[in-house]
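In: Provided below are the primary sequence and the corresponding predicted coordinates.
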Amino acid sequence: MRFRALAVPSTLAAALVAACATARPPAPPPAPAATPVPAPLSAEPTVASGNLRTGVVSVRVTGQDWNWRAPWEKQAPWTRTVTGLVVEGQRILVASTAFGNPLLVEAQKLGGDARTVARVDLVDHEGPLALVAVDDPAFWDGLEPLKLEARASSEGVVQVLRWQRTGLLDAYPATGRQVRSGRHGLSQTSLLTIDVASSAEGLGESEVVVKDGKVAGLVTGRSGDTYQAIAAPVLSHFLAGAAKGDWRSFARAGIGWQDLTNPVLRESLGLAPGETGIRLTRVLPYGSAGGVLKPGDVVLELGGAKLDPTGYYQHPLYGRMLFALLFSDGRRPGDSMPAKVLRDGQRLELELPLRAMRPEQDRVPPYVYGRGPDYVVKGGLVFQELTRPYLASWGDWSRRAPPRLLVAIDRDQDAAGREAPRIILLSSVLPDTVNLGYQELRDLIVARVNGRSVPNLQALREAFAAVKGGFHVVEFLSGQPAQRIVIDATEADAASERLRRAYGVEQLDSETPRQALPSEGGGQSR
């Protein structure tokens with residue numbers, strides 16, 4: 001960039017020089033008061049005090065998940081030990097994803113090796129939070145609940161508690177960084193979250209964050225040197241609903257949106273000078289906004305809070321927060337929340353009936369618990385619905401999964417009905433003479449089967465049952481390695497028993513009853 005030199009008259013220049021020579025330099029500002037610098041936190045944990053020992057336990061969970069690459073099989077069992085918080089009513093509160101497919105739950109107290117059989121009383125994967133009960137009265141001897149903070153802590157020194165195998169309750173030093181809106185585990189729901197900085201390694205399994213003897217939160221994960229925890233007010237909210245026996249999960253908006261930082265865009269939408277909000281790009285029919293808000297609406301206020309152009313509002317206790325927190329912070333499904341919107345040039349005042357969203361109501365379900373994958377095998381072609389557990393088979397799936405799947409997740413193809421349409425995949429091919437030439441195909445998105453669209457696996461089953469001309473024709477979305485495949489319908493049916501024997505597949509369709517393989521003998525099912 002070039003700058004033009006400015007000409008200064010000589011008389012003015014002389015006056016400036018004189019002024020500079022005679023003017024007294026300004027007095028320096030007073031030195032600020034010395035601020036004490038906190039000593040750096042040690043990475044080494046200390047031993048927690050006795051009263052904390054009686055309020056923290058260990059919970060050992062043994063579970064078994066499904067093999068999403070071979071959906072008719074299960075993976076090897078696993079065992080995880082997580083930290084639990086003793087709460088009123090002789091229950092243990094845990095924040096962990098370990099309670100999705102549990103086979104056995106055991107509790108250990110006071111650092112001892114003895115395990116007591118426990119059971120899951122209540123679980124909400126949108127936390128993820130679980131209440132664990134132990135029926136043996138002797139287990140509760142010597143245990144006392146810890147008090148929860150009424151308000152989330154945004155700063156200060158805290159401790160992160162976890163039992164070690166040595167029988168010591170370690171107290172890892174940490175520093176509170178911020179209070180924010182965040183998601184935990186596999187959930188899509190935004191909850192009040194605290195971030196704490198610690199150099200400790202290996203945390204993230206429901207460790208208890210304590211400040212001044214009170215519980216500030218339960219740790220659920222880590223990003224760099226910062227651990228995120230579900231804040232104490234959320235834990236209290238969950239426990240209150242559980243105590244009443246009417247816990248209905250957390251409410252969720254179910255919307256897509258764009259910010260309105262561009263002043264020209266705000267003006268084109270009819271916003272007045274100084275008026276701010278966000279513009280909705282989609283509204284899911286089963287979220288809290290469904291049936292009330294519409295794509296194109298400009299949301300000005302939610303719950304009496306004004307939204308800025310980036311979707312943030314001023315929380316009365318914690319400052320600037322993302323609007324998604326308004327649906328869960330102190331509110332629950334069944335409540336209503338006022339909203340002010342700008343729609344087609346008119347300003348409207350509406351009421352949103354708050355609703356929780358089930359995982360199957362997402363286009364790509366974030367988790368699948370309590371059952372195996374839904375699948376169909378036809379002529380060795382393996383079809384599944386795209387889910388986050390399927391994506392997890394790539395590990396860091398956001399980087400390693402095929403780009404066509406990532407693009408499909410982001411597409412705006414929301415349903416008008418109560419259930420979201422699924423993304424149907426040809427996930428793999430079991431090589432056989434009936435599918436010769438197609439053995440290498442995998443992870444292709446299906447568009448049509450036998451001329452019919454397939455928004456879910458049930459529609460795919462019906463399409464295969466409506467074969468015409470003796471051949472099954474599977475068409476894929478454009479831009480993929482294959483456009484269509486064709487297999488003989490009669491040969492596909494004849495290959496069923498051959499495929500079951502060759503690949504050990506007891507069920508070629510997840511909806512059919514289990515059948516014994518010939519090698520099992522006696523016609524017994526396992």
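Out: Okay, I see it.

In: Where does pLDDT dip in the stretch 1-150 of the chain?
Out: 1-50 (pLDDT under 70).

In: where along it do the strands fall?
Out: Taking DSSP state E, counting those that start in this stretch as the test, the strands found in the stretch 1-150 of the chain are 46-47, 56-63, 78-87, 91-94, 102-109, 116-124, 129-133.

In: Kindly check the end-to-end length of stretch 205-222 for me.
Out: For stretch 205-222, the first-to-last residue distance is 10 Å (CA to CA, to the nearest Å).

In: before we move on, what about stretch 174-191?
Out: End-to-end distance (CA to CA), stretch 174-191: 21 Å.

In: Counting neighbours, which bits of it end up buried?
Out: 174-177, 179-191 (16 or more other CB atoms under 10 Å). C-beta: built from backbone N, CA, C; applies to glycine.

In: just stretch 79-92 next, same as before
Out: In stretch 79-92, counting by 16+ other CB under 10 Å, buried: 81, 82, 83, 84, 85, 86, 87, 91, 92.

In: And those residues, which is closest to residue 407?
Out: For those, the minimum distance to residue 407 (CB to CB) is 35.7 Å, reached by residue 82.

In: Now do the same contact list for that closest one.
Out: Residue 82 makes contact with 58, 59, 61, 94, 96, 98, 205, 206 under the criterion CB atoms under 8 Å, 6 or more residues apart in numbering.

In: Correct me if wrong: the fifth one contacts residue 128.
Out: Just to be clear, that refers to residue 96. Yes. Between residue 96 and residue 128 there is a contact at 6.3 Å, judged by CB atoms under 8 Å.

In: Quick check: neighbours shared by the two?
Out: What both residue 96 and residue 128 touch, as defined by CB under 8 Å, 6+ apart, is the set 185, 220.

In: can I get the strands of the stretch 1-150 of the chain in CSV with distance to residue 247?
Out: Compiled in CSV, the strands of the stretch 1-150 of the chain are given as follows (distance: least, CB to CB, whole Å):
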stretch, distance to residue 247
strand 46-47, 35
strand 56-63, 19
strand 78-87, 14
strand 91-94, 13
strand 102-109, 19
strand 116-124, 6
strand 129-133, 9
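
In: Those: which one's closest to residue 244?
Out: strand 116-124 (11.6 Å).

In: Could you tell me the angle between the closest one and strand 129-133?
Out: With axes from the mean of the first three to the mean of the last three CA atoms, to 10 degrees applied, the angle from strand 116-124 to strand 129-133 works out at 150 degrees.

In: Tell me the strands beside strand 116-124, with direction?
Out: strand 102-109 (antiparallel), strand 129-133 (antiparallel) (DSSP bridges).

In: And the ones you listed: which comes nearest residue 502?
Out: Of all the strands paired with strand 116-124, the one in closest proximity to residue 502, counting by CB to CB, is strand 102-109 (29.8 Å).

In: Residue 310 contacts residue 257, correct?
Out: No. Taking contacts as CB under 8 Å, residue 310 lies outside contact range of residue 257: 10.1 Å.

In: So which of those two has more stuff around it?
Out: residue 257 (22 against 13; other CB atoms under 10 Å).

In: Surely the more buried one is in a strand?
Out: Yes. Counting by DSSP: H, G, I helix; E, B strand; the rest coil, residue 257 is found in a strand.

In: got the contact list for it?
Out: Contacts for residue 257 were tallied using CB under 8 Å, 6+ apart; they are 278, 279, 280, 281, 299, 311.

In: would JSON lines of the residues you listed with secondary structure, pLDDT and distance to residue 159 be doable?
Out: Compiled in JSON lines, the contacts of residue 257 are given as follows (DSSP: H, G, I helix; E, B strand; the rest coil; pLDDT from 0 to 100; distance: CB to CB, whole Å):
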{"residue": "278", "secondary structure": "strand", "pLDDT": "97", "distance to residue 159": "39"}
{"residue": "279", "secondary structure": "strand", "pLDDT": "97", "distance to residue 159": "44"}
{"residue": "280", "secondary structure": "strand", "pLDDT": "96", "distance to residue 159": "43"}
{"residue": "281", "secondary structure": "strand", "pLDDT": "93", "distance to residue 159": "43"}
{"residue": "299", "secondary structure": "strand", "pLDDT": "98", "distance to residue 159": "40"}
{"residue": "311", "secondary structure": "coil", "pLDDT": "96", "distance to residue 159": "34"}
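
In: Report the buried members of these.
Out: The neighbour count (16+ other CB under 10 Å) marks 278, 279, 280, 299, 311 as buried among the contacts of residue 257.

In: Which of the buried residues of stretch 174-191 fall in strands?
Out: Per DSSP state E, strands hold the following members of the buried residues of stretch 174-191: 174, 175, 176, 177, 179, 180, 181, 182, 191.

In: My understanding was that the first one contacts residue 156; is that so?
Out: Read it as residue 174. No. In terms of CB under 8 Å, residue 174 does not count as a neighbour of residue 156; the distance is 10.0 Å.

In: Overlap in contacts, the two.
Out: Joint contacts of residue 174 and residue 156 (CB under 8 Å, 6+ apart) do not exist.

In: List the contacts of stretch 386-404.
Out: Residues outside stretch 386-404 that contact it (CB under 8 Å, 6+ apart) are 65-66, 68-69, 186, 364-368, 373, 384, 405-406, 408-409, 422-425, 427, 443, 445, 477, 479-480.

In: Count the residues that sit near residue 326.
Out: 27.

In: phi, psi of it?
Out: With angles defined as degrees, to the nearest 10, residue 326 sits at phi -60, psi -30.

In: now residue 249
Out: Geometry field for residue 249 lists phi and psi as phi 70, psi -170, criterion degrees, to the nearest 10.

In: swap in the one 5 residues further on?
Out: As for residue 254, its main-chain torsions (degrees, to the nearest 10) stand at phi 70, psi 50.

In: quick one: it and residue 329, what's the gap?
Out: To residue 329, residue 254 is 17 Å away according to CB to CB, to the nearest Å.

In: what does residue 510 give?
Out: As defined by CB to CB, residue 510 lies at a distance of 39 Å from residue 329.

In: neighbour-wise, which of these two wins?
Out: Under the criterion of other CB under 10 Å, the comparison of residue 510 against residue 329 puts residue 329 first, with 22 against 16.

In: show me the contacts for that one.
Out: The neighbours of residue 329, taking CB under 8 Å, 6+ apart as the test, are 192, 233, 315.

In: Try it again at 6 Å.
Out: By CB atoms under 6 Å, 6 or more residues apart in numbering, the contact set of residue 329 is residue 192.

In: Likewise for residue 434?
Out: Counted by CB under 6 Å, 6+ apart, residue 434 has contacts 379, 487, 491, 492, 495.

In: Correct me if wrong, but it is in a strand.
Out: No. Checked against three-state DSSP, residue 434 lies outside a strand; its state is helix.

In: how far away is residue 298 from residue 254?
Out: Relative to residue 254, and taking CB to CB, residue 298 is found at 18 Å.
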